[in-house]
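Asker: Below: sequence and its predicted model.
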Amino acid sequence: MIEYPKATDFQKATFVGTWGPSPIPIYDVPSMHALNQLVGYIKHINASNGTVLYRGQCSLYKQVVPSIKHDLSTEEENKARLEETMKAVLGEDSLLKFLGLKNTDVKGWELFQMLVIEAVFQHYGATTYCVDFVDNHWTALWFGLYQWDKSTSRYLLRNNSGCGEDGSYIIKSSQLEKVIPPTEPTLEATELAASKIAELKEHAKRAPISFEELVRRNTIRKFEVDHKSWEDTCRRISDYNKEIDRIEKNDHLFLFLYVADTNVSNFRGVYMGNETFTIDLRKALPSNFLRPCSQHGWVVRGKDVNYDFNSSISCVIRVNVDLAKEMLGLGTLLSQENFFPDDTIDQGYSILLARQKGTTCRDDSGLRSWEIVKTSG
């Protein structure tokens, strides 16, 4: 059973709402230390449940679903094309050999072969029943910080404009509400508990002070204590409300922490879970496929095509765009050129493009029609 974070102090990370029907907690992190501690905590509490994987997104969509489910009106058509194309790959010995699927340990094991083929298609941009994840939260940050731009065919660095492009990745006010301070206590409204009144009556029988005076003095003391407590509460609420103002006025990216079912039998990076197949692409594929190596890539596929990915998400982390820029910097390992090496460098990508009917496209957007055809001879 997936464990959700319950603690409230992660290097001053702020609980800002929930996501999904579960509901899944959302935390805003103010620093790299808060991010690292929260990631580590999710791993710790789910250590017996599986491997925590990450998915970075620019927007907080309502659910995590495979690309084939994005448009239900075309699902059946895309499903038929997917199955037809995978069968075509199974019939091409040279491509199976390149994928490492002709080895004696998997030869004839069609389930394994089909899973790896669909995983490759997914990672290189095709429409499948798989969802992409990574096992490195730096990589996930990158995918939330950079957004695909169709006009330039590149991932562009997002700017902190003050609001989301369509508001979709700003937490709605119904999920993140300011706290109203309690009413200020007054001396006139301060009342002593019945047990305290009884105690003072007994005390008045032995003391030189009247019962009424004892009540007056104790009422003043209680009022002073109550008012000090009220001031402290108002100060905490004010700090919290200021934090909400800071959080809501900026753009954000989101990291989904998904607990993959990997405490099960596995072979060459393919984990046969109860409800899912989880594939570590670096183990399942030869390193001629460079993109999975660069991205620390995994994919997950539900055994049932209607599998609910939301059910295995433990936490959503929200990161301010400017903070993410500061944390990632401009290192070449965190660049489009590294994460999406072109087909002159990524031999696996080149092989797939060569088998794509009618393509002359060599950019990083992945398989377009992904109608793979056999090569002559």
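Answerer: Everything's here; your move.

Asker: what does stretch 286-293 contact?
Answerer: For stretch 286-293, the surrounding residues in contact (C-beta atoms under 8 Å, 6 or more residues apart in numbering) are 98-100, 120, 123-124, 281-282, 285, 297, 339-341, 345-349, 351. Placement of C-beta: from N, CA and C, glycine included.

Asker: Go again with 10 Å.
Answerer: 97-100, 119-120, 123-125, 132, 134, 279-285, 297-299, 338-343, 345-352, 364, 366 (C-beta atoms under 10 Å, 6 or more residues apart in numbering).

Asker: Any buried residues in that stretch, and which?
Answerer: Of the residues in stretch 286-293, 289-293 count as buried by neighbour count, 16 or more other C-beta atoms under 10 Å.

Asker: now do stretch 54-67
Answerer: Buried residues in stretch 54-67, counting neighbours by 16+ other C-beta under 10 Å, are found at 54-60, 64-67.

Asker: now it: mean pLDDT?
Answerer: Averaged across stretch 54-67, the pLDDT comes to 92.

Asker: What is the longest helix of the chain by residue count?
Answerer: The residue-count maximum for a helix in the chain (DSSP state H) belongs to helix 211-248.

Asker: Can you pull out the low-pLDDT segments for the stretch 101-250 of the chain?
Answerer: Residues of the stretch 101-250 of the chain that meet the criterion pLDDT under 70 lie in 161-177, 243-250.

Asker: what ranges do the strands span in the stretch 1-150 of the chain?
Answerer: In the stretch 1-150 of the chain, strands defined by DSSP state E, counting those that start in this stretch lie at 14-19, 24-29, 51-57, 130-134, 146-149, listed in chain order.

Asker: So which elements touch the second one?
Answerer: Pointing back at strand 24-29 there. In this structure, strand 24-29 makes packing contacts with strand 14-19, helix 32-45, helix 211-248, strand 252-260, strand 313-320, helix 321-328, judged by 3 or more C-beta pairs under 10 Å, 6 or more residues apart in numbering; DSSP states H and E.

Asker: So for F112, which of these sits nearest?
Answerer: Proximity of the helices and strands packed on strand 24-29 to F112 was assessed by C-beta to C-beta; the nearest stretch is strand 252-260, lying at 17.6 Å.

Asker: now the angle between strand 130-134 and the closest one, please.
Answerer: Relative orientation of strand 252-260 versus strand 130-134 (axes from the mean of the first three to the mean of the last three C-alpha atoms, to 10 degrees): 110 degrees.

Asker: list the buried ones in strand 252-260?
Answerer: Neighbour-count burial for strand 252-260 [16+ other C-beta under 10 Å]: 252-260.

Asker: Could you single out the nearest of the buried residues of stretch 286-293 to R216?
Answerer: Comparing the buried residues of stretch 286-293 against R216 with C-beta to C-beta picks out P292 as the nearest, at 77.0 Å.

Asker: count of neighbours near the closest residue to the closest one other than its chain neighbours?
Answerer: Ranked by C-beta to C-beta, 6 or more residues apart in numbering and with sequence neighbours excluded, the top spatial neighbour of P292 is L281, at 3.5 Å. Summarising burial for L281: neighbours were counted as other C-beta atoms under 10 Å, giving 24.

Asker: mind listing what L281 touches?
Answerer: Residues touching L281, when contacts are defined by C-beta under 10 Å, 6+ apart, comprise 116, 119-120, 122-123, 132, 134, 269-270, 289, 291-293, 295-299.

Asker: Got phi/psi on it?
Answerer: The main-chain torsion angles of L281 are listed as degrees, to the nearest 10 and equal phi -60, psi -30.

Asker: thinking again about what came up before, tell me the one among the buried residues of stretch 286-293 nearest to T233.
Answerer: In terms of C-beta to C-beta, no member of those lies closer to T233 than P292, at 51.6 Å.

Asker: what about Q113, how many neighbours?
Answerer: The criterion is other C-beta under 10 Å. On that basis, Q113 has 20 neighbouring residues.
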